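Q: let me see the structure of the following:
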Amino acid sequence: MNVASEVVLSPVTDFVSHILSARRGTLNLTELFTIASQLEAVQQAELAAVLYETWIAHSSSPFKHFAHFNLGTTLFNLNDLEGAKRAYLQAIDLSASFVQPHFNLGLIYERANQVDDALAQWSWVAENTSPDEAEDRPLRLLALNNLGRLQETRQQYAQALSSLTRSLELEPNQPDVLHHWVFLRGKQCDWPVYTPVGQVDPALMRQSTSALAMIALSDDPEAQLAAARNYVKNKINLNVPALSGPTAYGHKKIRIGYLSSDFCLHPVAMLTAELFELHDRKRFEVYGYCWSREDGSALRQRIIQSMDRFERIHELTDEAAARLIREHEVDILVDLHGQTLGARPNLLAYRPAPIQVTYLGLPATTGLPFIDYVIADRFLIPKKFAKYYSETPLYMPDVYQVSDRKRVSGPAPSRESCGLPPEGFVFCSFNNNFKFTPEVFEVWMNILRQVPNSVLWLLSDNPWAEANLRKTAEALGVDANRLVFAPRVAPENYLARYAVADLFLDSFPFNAGTTANDALWMGLPVLTYSGRTFASRMAGALLTAAGLEELITYSLKDYEEKAVALANAQEDCLRLRAHLAQVRESGVLFDTPRFTANLEKQFRKLVGALDQSAV
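A: Prediction:
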């Protein structure tokens, strides 16, 4: 019989005797761990911490570093981060090669937003453990994955990709890691995105691709639906109670709730701000549910002021947030996320509102069974493609995308200040670089070769994408200097750039969304290639509403030929600009009051249908 089994199993009752044994040095390490574990099991972690501290103060054991480590873990669980940090550092002082406290220190530093220190600890673990040692492998794997996750959030994409590659070489069967690994390659324009790594099954790599990454990689609506459903299967807890039923609340005013972590300086907020302001307060009440960062922007303040009720739910669990929405008796809950970064789909799983809608955040089907509708138009989701959406399209009569007429642009910059040559046609594509594909980029290079002295003006998204794009241009026979990269600037200065460019070249299969809207608002023609998916039809939907179907192509060949033809016909570009000036003044594309009224009409129908079903 071992020593631990002889301990009397009444840790709280016998706490004084245990403390005395620890002080007298008669409590051995095994007994200490057993009693402390029993105390924590009965929710007496603070007593366990006192026991550890007493034992440590009076012990000369060569294994004291283990007690410091356990004390650190106990204090961490009590949210005493400073105490836990001291305990882990003491464990390391006593045993420099002790791996576990290094890993846990990383967690503490991350919680305290000391990101560099967290990365340093996990790097130490990754470099001081062996992939061949069974005891080392789990912590090494966790350290590499945490490194990759944190490096990605800091936009250290190359380092993140390296960390996750090492992780996959150690353990290939990691769908979550593959999810990020694929997207990281796309963000860096590291082509082909799908490439062998370790012993990873290529089928698993594709199956693990996130819904957002899949949008940029495939124009297959069936593949996008499969990716969305795979996410739901692996990530969403569907076994939760529905908080609302299929009946209306019967309020005098319909209550609309908007749900987002992007109520800040973000493309979704830039599109929707005026919509919130224009809702008819005689018929609707507008609620905002937010877990956005406090960026201090004027746009964020504007959105807060546009809501009748604005709730910060960042400290609430998904269930608590859902219950709050249910208490407010919101009739229609509009999720502005889908499956994008920061989304809280498990909140929506509780169905806090009888009608739940997805809008703008994810330009694809969410696959979420508790989302009823997707706001669309008939170009964006033709009826023949509706079967690839888990949601029912809620068709707007003019265009699916709302606009903000209050956006302000600065004065047009000079070509010289933008790094552009004094003469020559300027193509631009200010999309995030992960939207670029090798097939479309090759077409862009073909266009540059056919239009002498032209340049392609791109967003400087990250240095690795820029380097890879320049390298690819050279490989395709185009001088890399004909690619001009624009740094990120304030919104008004970003908008002003569109006055300098001559033609916006859209990406495919992930079209421009907010950027296409911005370009057209500023009078810059957008040439798009439309396909079969939501993401590949966004710009086409805007151009249709603008009466510029001539700028919609349906093959790369036509896209290339149209771009070259426009570059060689300056009068056509001027004609298109003049047309867009009229659209901005009186067209339906930017008629936000009309859009708001149409949306409200749809919402009244939805609530009316609930009323009818209750009869």
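Q: what residues are up against Q199?
A: E169, P172 (C-beta atoms under 8 Å, 6 or more residues apart in numbering). Backbone N, C-alpha and C define where each C-beta goes, glycine included.
Q: backbone phi and psi for it, please?
A: Dihedral pair for Q199: phi -100, psi 20, per degrees, to the nearest 10.
Q: does V583 belong to a helix, a strand or coil?
A: Secondary structure for V583, judged by DSSP: H, G, I helix; E, B strand; the rest coil, is helix.
Q: just checking, it touches L576?
A: No. Look at V583 against L576 with C-beta atoms under 8 Å: they stay out of range, at 10.2 Å.
Q: tell me which helix or strand comes right after the helix or strand containing Q301.
A: Using DSSP states H and E, Q301 falls within helix 298-306. Next helix or strand after helix 298-306 toward the C-terminus (DSSP H and E): strand 309-312.
Q: one step back: helices and strands around the helix holding Q301, which ones?
A: helix 267-278, strand 284-290 (3 or more C-beta pairs under 8 Å, 6 or more residues apart in numbering; DSSP states H and E).
Q: contacts for the first one, please.
A: If I follow you right, that is helix 267-278. Counting by C-beta under 8 Å, 6+ apart, 258, 260, 262-263, 286, 288, 299-300, 302-303, 306-307, 336, 360-361, 401-407, 491, 513-515, 517, 592-593, 595-596, 599 sit against helix 267-278.
Q: ok, of these, which come out buried?
A: Applying 16 or more other C-beta atoms under 10 Å to the contacts of helix 267-278, the neighbour count classes 258, 260, 262-263, 286, 288, 299-300, 302-303, 306-307, 336, 360-361, 401-404, 407, 491, 513-515, 517, 592, 595-596, 599 as buried.
Q: take those residues and keep only those in strands.
A: Y258, S260, V286, G288 (DSSP state E).
Q: quick one: secondary structure of L394?
A: strand.
Q: my error: substitute L139 in the last question.
A: helix.
Q: burial count for it?
A: 19 (other C-beta atoms under 10 Å).
Q: distance check, it against N146.
A: Separation of L139 from N146 (C-beta to C-beta, to the nearest Å): 10 Å.
Q: could you do I35 as well?
A: 32 Å.
Q: tell me the domain boundaries of the chain?
A: Listed domain ranges for the chain are 4-233, 254-395, 416-589 (source: automatic domain parsing).
Q: rewinding a little: just the closest of the ones in strands among the buried ones among the contacts of helix 267-278 to T73, please.
A: S260 (36.1 Å; C-beta to C-beta).
Q: apart from its neighbours in sequence, what residue is nearest that closest one?
A: Excluding its sequence neighbours, the residue lying closest to S260 (C-beta to C-beta, 6 or more residues apart in numbering) is L336, at 4.0 Å.
Q: Provide a list of residues in contact with the one you found.
A: Y258, L259, S260, D262, V268, T272, Y359, L360, G361.
Q: please apply the same query to L225.
A: Taking C-beta under 8 Å, 6+ apart as the test, what L225 contacts is T365, G367, Y388, Y389, S390.
Q: tabulate those (a markdown table), appending distance to P509.
A: Below are the contacts of L225 laid out as a markdown table (distance: C-beta to C-beta, whole Å):
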| residue | distance to P509 |
| --- | --- |
| T365 | 14 |
| G367 | 18 |
| Y388 | 14 |
| Y389 | 16 |
| S390 | 19 |
